[in-house]
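**Q** attaching a predicted model along with its sequence, questions to come.
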Amino acid sequence: MHLNTQIASRITIDPTICHGKPCIRGMRWPVEVLLDMLAAGMSSAEILADHPELENEDIRAALQYACQLTSGQTLRQVA
C-alpha cells in the first residue's frame with residue numbers, strides 16, 4: 001500500500017535523524033512522541049500550543065501513519 005500524499009509529505013524517514021525513526025517533516029519529532037502525547041490525553045490544541053513548530057496536519061498525518069501501520073499492510077514511501 002502506498003502512503004497517501006498527505007502522509008508522505010509530512011512523515012519522513014532519514015537514517016541520520018532520530019536513528020531512522022519516522023519523523024515529522026524531517027524535524028527531530030518522532031511520530032511515536034506525538035502518538036504518546038495523544039495517548040496520554042493531550043489534545044491537538046494543547047500539543048500545538050506547547051510546540052508551535054508543529055502543525056495540525058502533522059498530527060493528522062501521524063495518526064494516519066499509525067492507522068496504516070496497524071492495518072497489517074505493507075507501507076512504502078511515495079516518491
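**A** Alright, I've got the coordinates.
**Q** surely residue 66 and residue 35 touch.
**A** Yes: if you go by CB atoms under 8 Å, residue 66 and residue 35 touch, sitting 5.8 Å apart. Any C-beta I mention is one placed from the backbone N, CA and C, and that applies to glycine too.
**Q** where does pLDDT dip in the chain?
**A** Filtered on pLDDT under 70, the chain yields the residue ranges 1-3, 73-79.
**Q** any chance you could map the strands in it?
**A** 11-12, 23-24 (DSSP state E).
**Q** by contact count, what packs against the last one?
**A** Read that as strand 23-24. Judged by 3 or more CB pairs under 8 Å, 6 or more residues apart in numbering; DSSP states H and E, the packing partners of strand 23-24 are strand 11-12, helix 31-39, helix 56-70.
**Q** go through these and pick out the most buried.
**A** Counting by mean count of other CB atoms under 10 Å, strand 11-12 has the highest mean neighbour count of those, with a mean of 18.
**Q** which helices and strands sit right next to that one?
**A** Using 3+ CB pairs under 8 Å, 6+ apart as the contact test, the elements touching strand 11-12 are strand 23-24, helix 56-70.
**Q** ok, residue 53 - contacts?
**A** For residue 53, the contacting residues are 27, 29, by CB atoms under 8 Å, 6 or more residues apart in numbering.
**Q** if you set the cut-off to 10 Å instead, what comes out?
**A** For residue 53, the contact set (CB atoms under 10 Å, 6 or more residues apart in numbering) comprises 24, 25, 27, 29.
**Q** and what of residue 66?
**A** Contacts of residue 66 (CB under 10 Å, 6+ apart): 22, 31, 32, 34, 35, 38.
**Q** again, only this time at 6 Å
**A** The contact partners of residue 66, by CB atoms under 6 Å, 6 or more residues apart in numbering, come to residue 35.
**Q** any idea which residue sits dead centre in the chain?
**A** Closest to where the C-alpha atoms of the chain average out (CA atoms, centre = their mean) is residue 62, at 3.0 Å.
**Q** so that residue makes contact with residue 36?
**A** No: the pair residue 62 / residue 36 is not scored as a contact, 10.4 Å apart, by CB atoms under 6 Å.
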